[in-house]
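[1] sequence below, structure please.
(2 chains)
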Amino acid sequence: EAQVTQNPRYLITVTGKKLTVTCSQNMNHEYMSWYRQDPGLGLRQIYYSMNVEVTDKGDVPEGYKVSRKEKRNFPLILESPSPNQTSLYFCASSSGTGGTEAFFGQGTRLTVV
Amino acid sequence: AQSVAQPEDQVNVAEGNPLTVKCTYSVSGNPYLFWYVQYPNRGLQFLLKYITGDNLVKGSYGFEAEFNKSQTSFHLKKPSALVSDSALYFCAVRAPSGGYQKVTFGTGTKLQVIP
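    Numbering: from 1, shown residues only, chains lettered A, B, ... in the order given. Okay, the predicted model is just below:
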C-alpha cells in the first residue's frame, strides 16, 4: 500500500529537549515536504526536499532542521523546541512538481511545555 | 507571491442538499489547483485537481470543482451532501513554472453536514 508514515503520532516534550519526527514514504517519490498546521493559518511549509541531499527552506523554517540522506526518509529535527512549536505536523511526498498531487502522512501532534 | 483564500471558516448544509466550498486564488500564469480533505485525526487526502482543459473537474466521493479563470476561483461542489462528508477541506495552488514550485494552501473550511 502506498503510504507516508510519520512517527510518533503524539508527542509531549519539554522546552529545549531535542526531538526528531520521522517520515518515510514507500512510493519512490523525489519530493518531500514538512508542514505545520495551526488553527486559522492552514498549512505552512517548513522545509522541502527535491531529492537526496537537496533541501531548502519553506515559509516557516526557524527552529527546525531536516536531512535527506535516503530517498524514502525525511526526518524533521527540533534541536531546542519551544512552546510556539506546539502544532500538528504533516509530512508529504509527491512524484514531481506541476500537477502532481501530494500524499500526506497521518500527522504528528506535538506539545512543547 | 501566490495565495489562496477560503472565505468561509465553516459551511453548514443539510444532508441531501447541494454543497459549495469556496476558494479563490492569486498566482502568476495559469495555475495548478487542488482540493484536499482532512478527516479528524487523519492526514490530508487528495480529492481532485485542475491542470488544464475542461473547467469542470470531477474527483473522489462525488465531488467536483469548477475552474473560473476570470473570477480566479475554484469552488468545490457536490450535488447531494452526506453526513460522512463532514470534514475540513483545503484548497491549494501551485504556479506552473519549471523547477520546484511550492504549494500554497488556504486556511481550510470546515464542512458540517447536518442529518
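
[2] pull the number of nearby residues for residue 11.
    Let's take chain A. 16 (other C-beta atoms under 10 Å in any protein chain shown). Every residue, glycine included, has its C-beta placed from N, CA and C.

[3] look at chain B instead
    Neighbour tally, B:V11, other C-beta under 10 Å: 18.

[4] and what of B:N17?
    When counting by other C-beta under 10 Å, one arrives at 12 neighbours for B:N17.

[5] which phi and psi does it have?
    Here is the backbone geometry of B:N17 (degrees, to the nearest 10): phi -90, psi 160.

[6] same thing with A:N84?
    Dihedral angles (degrees, to the nearest 10) for A:N84: phi -70, psi 0.

[7] okay, it: pLDDT?
    According to the prediction, A:N84 has pLDDT 97.

[8] which parts of stretch B:14-23 are buried?
    Residues of stretch B:14-23 classed as buried under the neighbour-count rule (16 or more other C-beta atoms under 10 Å in any protein chain shown) are B:L19, B:V21, B:K22, B:C23.

[9] stretch B:65-79 now?
    Buried, per 16+ other C-beta under 10 Å, within stretch B:65-79: B:A65, B:E66, B:F67, B:T72, B:S73, B:F74, B:H75, B:L76, B:K78.

[10] near chain A, which residues of chain B? Just list them.
    B:6, B:9, B:32, B:34, B:36, B:41-46, B:49, B:51, B:90, B:94, B:96, B:99-103, B:105-108 (C-beta under 8 Å from any C-beta of the partner chain).

[11] can you list the strands that the helix or strand containing B:L47 pairs with?
    Per DSSP states H and E, B:L47 falls inside strand B:44-50. When sheet partners are counted by DSSP bridges, strand B:44-50 sits next to strand B:32-38 (antiparallel).

[12] contacts for the partner strand?
    The contact list for strand B:32-38 (C-beta atoms under 8 Å, 6 or more residues apart in numbering or on different chains) reads A:98-99, A:101, A:104, B:23, B:25, B:44-51, B:59, B:63, B:65, B:67, B:74, B:76, B:87-96, B:103, B:105, B:108.

[13] are any of those residues buried, and which?
    Applying 16+ other C-beta under 10 Å to the contacts of strand B:32-38 flags A:101, A:104, B:23, B:25, B:44-50, B:59, B:63, B:65, B:67, B:74, B:76, B:87-96, B:103, B:105, B:108 as buried.

[14] the residue nearest the centre of chain A is in what secondary structure piece?
    Nearest to the mean C-alpha position of chain A, by C-alpha atoms, centre = their mean, lies A:W34 at 2.9 Å. Assessed by DSSP H and E, A:W34 sits inside strand A:31-38.

[15] many thanks, we can stop here.
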